[in-house]
Each structure stands twice: as structure tokens, then as C-alpha cells.
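Enquirer: How does the following fold in three dimensions:
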Amino acid sequence: MNIDGLLVDDDPLYLRTLQRSLARRGIHADTATDRTQALALAQSQLPAFVLLDLKLGNDSGLELIQPLRALRPDMRILLVTGYASIATAVEAIKLGADDYLPKPASLPVILRALGLGEDSSTEAETSVELPETMTPISRLEWEHIQQALLETNGNISAAARLLGMHRRSLQRKLAKRPSPELPPGRG
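Expert: Coordinates of the predicted model:
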């Protein structure tokens, strides 16, 4: 397999680990830790795929999607994030991302999203994959709030009206982080 890619994340340890895992499968990937470095590498290498983190220090990975797509229209762009929400997933896809993966995304999940899944048997394609985790209600509420904020361009008062709640209640909810996903049967 002779595929070149670009990994963009502000966590150097994550980048090195993922880069080595891909190299073991014959996939070469350059790494970048910020927006400027990512664009420079993408322009010089024109990678087949980019695995892009949503949060890049003070920048947003969303801002890189369109410039990357303009460089190479057939480039696979995967946005990965530890801050997954429906609102950012919708925005990423609208901007041109091919897939949206919550962190930590396993290597098999990343390879499948790139169309490089190791298991291509018919049985695997037709089997139903059960989720490894359940999404807590607080997480779903957080995603719903994020969608309302996106629809109101970040206006908290308008989002609170849209959600049918008091502005201060919404502000309190925004100050809390949603709980992580739990394995089935826990929580």
C-alpha cells in the first residue's frame, strides 16, 4: 500500500503514536501541529487524506477543511475531536469533511473511514455493529444546546428562547462539561 496522508493535531504524542501505527500498515503520514504547518505540508505534498483535529490550540480545524479541499478535491478529510457534538459534525460535513470521528478513534475505525478497512468480507459488511458505548443524557443535552447555539450564531439569549429555557439556566449548563460516554450497563 503506497498512500500518503497528513495528520494534524496539537498533541505531538498522539501524532507520533498514530503515525507509527499507520506506518506499520504501509501508510506514510506527515504530521503538523498547527494550521500554518498543516497548510504548508498539504500544499507541498498533496496528501490522499488528512486526519484533522477540531481543536488546534487557539485555532479550529473547521477552518482548514475548505482550504484543504481546494488543494485536492479527492482528498479524504476526517475530522476527529474529543469535543464531539452534533452541531460540529453537521458544520464539518457542510464545509466538506468526509467523516467525523469522536476521539479516541481506534485505528480500525480510522482505516474504515478512509476506505482502507482490513476486513472486507461480505459477512462483515452486512453484520450490524453494536455500539461500544452509550451516550449519557447529559451529553445528548449538550449536543442539543450546541445545535441551538449554532442556529442562533452563538447568541445565548436567542438560544435559550429556542430551547425554551431561561438564559441563566443555559449559561449554567454551558459552564458544565458533558459526562464522557459510558460502557453499556454502567451509569
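Enquirer: Tyr14: neighbouring residues, count only.
Expert: 16 (other Cβ atoms under 10 Å). Placement of C-beta: from N, CA and C, glycine included.
Enquirer: if I look at it, how far off is Asn58?
Expert: 18 Å (Cβ to Cβ, to the nearest Å).
Enquirer: next one: Leu52
Expert: Leu52 is 16 Å from Asn58, by Cβ to Cβ.
Enquirer: of the two, who's got more company?
Expert: It is Leu52, of Leu52 and Asn58, that has more neighbours when counted by other Cβ under 10 Å, with 24 against 8.
Enquirer: And what about that one, helix, strand or coil?
Expert: strand (DSSP: H, G, I helix; E, B strand; the rest coil).
Enquirer: next one: Asp4
Expert: Strictly by three-state DSSP, Asp4 counts as strand.
Enquirer: May I ask you to confirm that it is in contact with Ala42?
Expert: No - between Asp4 and Ala42 there is no contact under Cβ atoms under 8 Å: 10.7 Å.
Enquirer: okay, those two: which has more neighbours?
Expert: Ala42 (22 against 13).
Enquirer: before we move on, which element is that one in?
Expert: Per DSSP states H and E, Ala42 falls inside helix 35-45.
Enquirer: What separation do you get for the closest residue to Asp34 other than its chain neighbours and Leu7?
Expert: Closest residue to Asp34 apart from its sequence neighbours, by Cβ to Cβ, 6 or more residues apart in numbering: Leu56 at 5.9 Å. Note on Leu56: its distance to Leu7, by Cβ to Cβ, is 12 Å.
Enquirer: These two: which has the busier surroundings?
Expert: Leu7 (26 against 22).
Enquirer: The helix or strand hosting the more buried one packs against which elements?
Expert: Element membership of Leu7 [criterion: DSSP H and E] is strand 3-8. Packing partners of strand 3-8 (3 or more Cβ pairs under 8 Å, 6 or more residues apart in numbering; DSSP states H and E): helix 12-23, strand 27-32, helix 35-45, strand 49-53.
Enquirer: I'd assumed Met165 was in a strand, is it?
Expert: No - applying three-state DSSP, one finds Met165 to be coil, outside a strand.
Enquirer: how deep is it tucked in, by neighbour count?
Expert: Using other Cβ under 10 Å, Met165 has 15 neighbouring residues.
Enquirer: same check, this time on Glu151
Expert: 13.
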